[in-house]
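J.: Sequence first, predicted coordinates after that:
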Amino acid sequence: MTDIRIERARLDPGTPLVYRDDGRVVRVAFDPGQITEEATLALLCLRLPRLVGDVRVIRHMLHRRVAGSCTAETIR
């Protein structure tokens, strides 16, 4: 199983997402003003075909009073 750690970020115009593949973990940041989370995951699967099948998506969210939190879901 590969973990996809996904977070929202402001990115430069024309750069809707950036990612880093560390093997068992893929970290991705996307700009919701340019692309949806669903499209981000679809593009990752096109670029990294090994992700198709069994991945766990971990969403990182920042809050004002909390340093950070995350949620996870497994996609099969």
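T.: Yep, that arrived.

J.: Please, where are all the helices along this structure?
T.: Using DSSP state H, the helices of the chain run over residues 37-47.

J.: so where is this structure shaky, pLDDT-wise?
T.: Counting by pLDDT under 70, the chain shows low-confidence ranges at 61-76.

J.: Tell me who's in contact with residue 11.
T.: The contact partners of residue 11, by CB atoms under 8 Å, 6 or more residues apart in numbering, come to 17-18, 29-31, 34. For the C-beta atoms, the positions are set from N, CA and C on the backbone; glycine is no exception.

J.: any idea which of those residues has the most stuff around it?
T.: Sorting the contacts of residue 11 by how many neighbours each has (other CB atoms under 10 Å) puts residue 30 first, at 24 neighbours.

J.: Quick check, it in contact with residue 17.
T.: Yes - at 4.2 Å, residue 30 counts as touching residue 17 under the criterion of CB atoms under 8 Å.

J.: any residues in contact with both of those two?
T.: With CB under 8 Å, 6+ apart, residue 30 and residue 17 have common neighbours 11, 40.

J.: May I see the buried residues of stretch 27-43?
T.: For stretch 27-43, the neighbour count (16 or more other CB atoms under 10 Å) marks 27-31, 34-35, 40-41, 43 as buried.

J.: Among those, pick out the one closest to residue 51, please.
T.: Nearest to residue 51 among these is residue 41, at 8.4 Å by CB to CB.

J.: was I right about that closest one contacting residue 17?
T.: No - look at residue 41 against residue 17 with CB under 8 Å: they stay out of range, at 9.9 Å.
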